[in-house]
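[1] 3D model of this:
(4 chains)
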Protein chains: 2
Amino acid sequence: MVSLRQVEAFHAIVEAGSFAAAAQALGTTQPAISKRIVELEADLGFLLFDRGARPPQLTRHGHALLPLCAEMLALRTRMRATLDDPAEYAGQFRIGITELVALTVLPALITRIRARLPRIRLRTEVKLAEDLHQDLLDRRSDMAIAPGPPPGGLLHARKVASLELAWMAGASLGPLPPGPLPAAALARFPLLAQTQRSGLQAVVNEWLLENGQRPQLILACNSLTALSGMTIAGLGIALMPRSQFLPKVASGELRIIETTPPMPRLDYHVLYPASGLEAVAGIVAEEVAAVGPGLG
Amino acid sequence: MVSLRQVEAFHAIVEAGSFAAAAQALGTTQPAISKRIVELEADLGFLLFDRGARPPQLTRHGHALLPLCAEMLALRTRMRATLDDPAEYAGQFRIGITELVALTVLPALITRIRARLPRIRLRTEVKLAEDLHQDLLDRRSDMAIAPGPPPGGLLHARKVASLELAWMAGASLGPLPPGPLPAAALARFPLLAQTQRSGLQAVVNEWLLENGQRPQLILACNSLTALSGMTIAGLGIALMPRSQFLPKVASGELRIIETTPPMPRLDYHVLYPASGLEAVAGIVAEEVAAVGPGLG
DNA sequence: CGAAATTACGGTGCACGTAATTATC
DNA sequence: GATAATTACGTGCACCGTAATTTCG
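    Next comes the predicted model:
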C-alpha cells in the first residue's frame, strides 16, 4: 500500500534533482530512497522514472502523479496547523542547543517555555553547532539555538544574541606580551579548541586564515567546560565567550589576550525549519530571544 | 511522523463508529487501531478523541482534522487512477477463485486477461467462498470469482454465471427410489459436503432448513475434486455443479438425484472493492463475464 | 573512467497479534 | 456485569544502512 514515506521520497527526488540529493535532503541514504520508489512503482503499477536517462527522467505517469504527491504532502503539513492555538500543543518538541546555552540560559528558557506552552513535551540535546544544523535539516530536531549563519535559506532564523569572544590563557602559562597580539604571535601559543564542528572553532579558523595563519590545534575537546578547565591548567589558550568567564578573569585564574585585529563577535540564532510546527516554534523562538541576553 | 496508515485508521473509526468496527473494516485488530491513533495524536500534538465518552467522541481538533484526512485518502485513490489507460497497468492483481473456477475456466480466463492487460502480474488463490469474501474486505485480494450474494453493498458485483446444481450419487450406493425425492428422503442419505465456508454448502444448508431438515453432514472436505471422488466411491451423496459432472453421469459413474422442490441455482459473481484499481478490475471483470458460461 | 542507481545482506527497531487489564455504561 | 479500549508482551517483518555490483554518460 502506498505510504507517505514513498510519496515524500518521490517528491524529494523531483525537487532535489537526483536520488542521492533527495536522500540527503531527507536525512537518509540513497538505497533507502531507491527502494521506496521501487515499492511505490510496484504499488501503483506503473514506472515513475525512466532509468535509461541520467539523471532519471520522469515518465508521463510520473509527471501526472507529481501534483497529487505535492498536494498530499501539503495536507500533512496542514494537519499540524489544524491546531489553531499553539498553547494547546501537547506534542514533542526537540530543541538542539550548544553547551553554552545549556550552561547559561537553559533553565530560564525551559521555565518560560513551559509557562507559555504548558502541555508541550520538551526534549533537549546538547551538540556542536554543525551537528545541530544537520539535525534540523534531517528533521531530527525541531529547533536549534546555535551560532549562525544558517546553512541555507531553508530555515527560519532569528538572531538572539551576539557574543563577545576573547582568547583566554591560564595563570600558569607564563608572562604575556603587553598590548594586543597579532595573529602570528597568537598562533605561537598552544591552541586549545572545540572540534571542527563547533561554532567557536569556525570563528577561530576563519580569523586565523584571514590573518595569514594556518590553524594548528594542539588539543580538541567537544566540551566547553573541559576546555576552560584545561585552559586554566595552563595547557594552552582558547577562544571563549568573554562574559561567561569574566568571574574566572576577576579571580585571576584566567587572563584575557586582546588581539589585533579584534576577534569578531559570535552571533547566536534560533533556527527552525518549515514543518507545520511554525506556530509552536514561533512562540518558543520568542522565549529564546527573551533570554538571549543571558548568553553574554 | 504522520503516516497514511494512521490517517486511514482515524478515518475508518469515524466512518465505522468504533475502534473495533474500524479494525474489522481494515482487516486488523483493535489494539493495532488503538496504537495508530495514539501515535497520530502524539505526532500531531493534540487529542483526536475524548476517551471519557462511550463511544469515543471526536474532540474539536479531531473534527477539524477529519476533512484533511478524507482528502488525503482520496488523493491516494486518485494516485492509482493516474494511470489513464489500464492496459498499461504493470502492477500486481490478486484474484481469489473457487476450485470450480480453477478446474474450468481459469486457463481461458488467464489467457484473455493477459491479452488485454499484457503487463499485469496476476496472482490467483483458490479458497472457499466465504474466505474469498473476507479476503476482499480485508484487501488481501483485488477480485473474487465466487458464489454470491456479496456480503454487503461495499463491493462491485456482477453476475457471471448461474450454475445448475444436482445431487449426485455413485453407482455403488444402491438403488435409488424413482422420481424426485423430498428433502426428508434425501437427508437420510449420507451427505458429503464441502466445509461450511463453501458456497455450495451454503445452498445445501439453506435448502435443507427451508424444507424442515437439519443439515447433518457425514463428511466434509474442502476440495470439490476429492468430494466427487468420494461420491463416485459410494460414500454418500453430494450436491455438485450439474454440467461439470455430466460426463461421469454419462459413463455411469454418477447418478443424478432429482429433488422436490428442485435445488436452486448457484449464481457466480465477480466481486471487487472500490480501491482505485476499478479501471483494471473492470477490464478483468469483462473477461470473467466472457468466460462465465464455461462454468456451467 | 567516474558518477549514480540498484542489488545484496545483516541487523535493528517497529508494528502487529494474543492475551490480560482497565474503564465505562 | 458486559462491552469496548488500553496496556503488556513476545514475535516476525520490514526498513534501514553498509558494502558490492551494475549501468549509464
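
[2] give the contact list for the closest residue to residue A:264 other than its chain neighbours.
    Distance criterion CB to CB, 6 or more residues apart in numbering or on different chains; nearest residue to residue A:264, sequence neighbours excluded, is residue A:203 at 6.3 Å. In this view, the C-beta of every residue, glycine as well, is placed from N, C-alpha and C. Residue A:203 makes contact with A:147, A:165, A:239, A:263, A:264, A:266, according to CB atoms under 8 Å, 6 or more residues apart in numbering or on different chains.

[3] do residue A:282 as well
    residue A:86.

[4] How about the secondary structure of it?
    Three-state assignment for residue A:282 (DSSP: H, G, I helix; E, B strand; the rest coil): helix.

[5] For residue A:132, see how far away it is.
    To residue A:132, residue A:282 is 19 Å away according to CB to CB, to the nearest Å.

[6] what's the longest helix in chain A?
    For chain A, the longest helix by residue count, based on DSSP state H, is helix A:60-81.

[7] how near is the residue in the stretch 51-200 of chain A that DNA strand D sits nearest to to DNA strand C?
    Nearest residue of the stretch 51-200 of chain A to DNA strand D, counting by CB to the nearest atom of the strand: residue A:54, 3.9 Å away. For residue A:54, the distance to DNA strand C equals 6 Å [CB to the nearest atom of the strand, to the nearest Å].

[8] Can you give me the pLDDT of that residue?
    pLDDT recorded at residue A:54 is 73.

[9] same check, this time on residue A:153
    Residue A:153 is assigned a pLDDT of 67 by the prediction.

[10] Then residue A:130?
    84.

[11] again, but for residue A:227
    Value for residue A:227, per-residue pLDDT: 92.

[12] Past the helix or strand containing it, which element shows up next along the chain?
    Secondary structure from DSSP states H and E places residue A:227 in helix A:224-232. Sequence-wise, the next helix or strand downstream of helix A:224-232 (DSSP H and E) is strand A:237-241.

[13] and that next one with helix A:224-232, angle?
    140 degrees (axes from the mean of the first three to the mean of the last three CA atoms, to 10 degrees).

[14] before we move on, back to that, buried residues in the longest helix of chain A, which are they?
    Burial within helix A:60-81, assessed by neighbour count using 16 or more other CB atoms under 10 Å in any protein chain shown, is assigned to A:61-62, A:64-66, A:68-69, A:72-73, A:75-76, A:79-80.

[15] give me the number of residues near residue A:101?
    By other CB atoms under 10 Å in any protein chain shown, 26 other residues sit near residue A:101.

[16] ok, which stretches of the stretch 151-296 of chain A are helices?
    A:183-186, A:199-210, A:224-232, A:246-250, A:278-291 (DSSP state H, counting those that start in this stretch).

[17] Could you list the low-pLDDT ranges of chain A?
    Along chain A, segments meeting pLDDT under 70 span A:149-153.

[18] near chain B, which residues of it show up?
    Neighbours of chain B within chain A, by CB under 8 Å from any CB of the partner chain: A:1-5, A:42-47, A:61, A:64-65, A:68-69, A:71-72, A:75-76, A:78-80, A:82-84, A:88-92, A:120, A:139, A:277, A:280.

[19] nearest spatial neighbour of residue A:289, skipping sequence neighbours?
    residue A:160 (4.8 Å).

[20] from memory that neighbour sits against residue A:286, does it?
    No - contact criterion CB atoms under 8 Å: residue A:160 and residue A:286 do not qualify, at 9.9 Å.

[21] Show me how chain A divides into domains.
    A:4-84, A:89-162+A:267-295, A:165-264 (automatic domain parsing).

[22] Go through the ones you listed and name the closest to residue B:99.
    In terms of CB to CB, the element of the domains of chain A nearest to residue B:99 is domain A:4-84, at 28.4 Å.

[23] which helices and strands does the longest helix of chain A pack with?
    helix A:4-16, helix B:60-81 (3 or more CB pairs under 8 Å, 6 or more residues apart in numbering or on different chains; DSSP states H and E).

[24] which pair in the contacts of residue A:203 spans the largest distance?
    A:147 and A:263 (13.3 Å).

[25] Between these two, point out the one with more neighbours.
    Between residue A:147 and residue A:263, counting by other CB under 10 Å, residue A:147 is the more crowded of the two (24 against 18).

[26] now that one: how far from residue A:266?
    With CB to CB as the criterion, residue A:147 and residue A:266 are 5 Å apart.

[27] what is in contact with the two at once?
    Listed as contacting both residue A:147 and residue A:266 by CB under 8 Å, 6+ apart are A:199, A:200, A:203.

[28] of all the residues in the stretch 1-150 of chain A, which ones are close to DNA strand D?
    Residues of the stretch 1-150 of chain A that fall close to DNA strand D, judged by CB under 7 Å from any atom of the strand: A:3, A:5, A:27-32, A:35-36, A:39, A:51-54.

[29] Residue of the stretch 151-296 of chain A closest to chain B, please.
    Nearest to chain B, among the residues of the stretch 151-296 of chain A, is residue A:280, at 7.5 Å (CB to the nearest CB).
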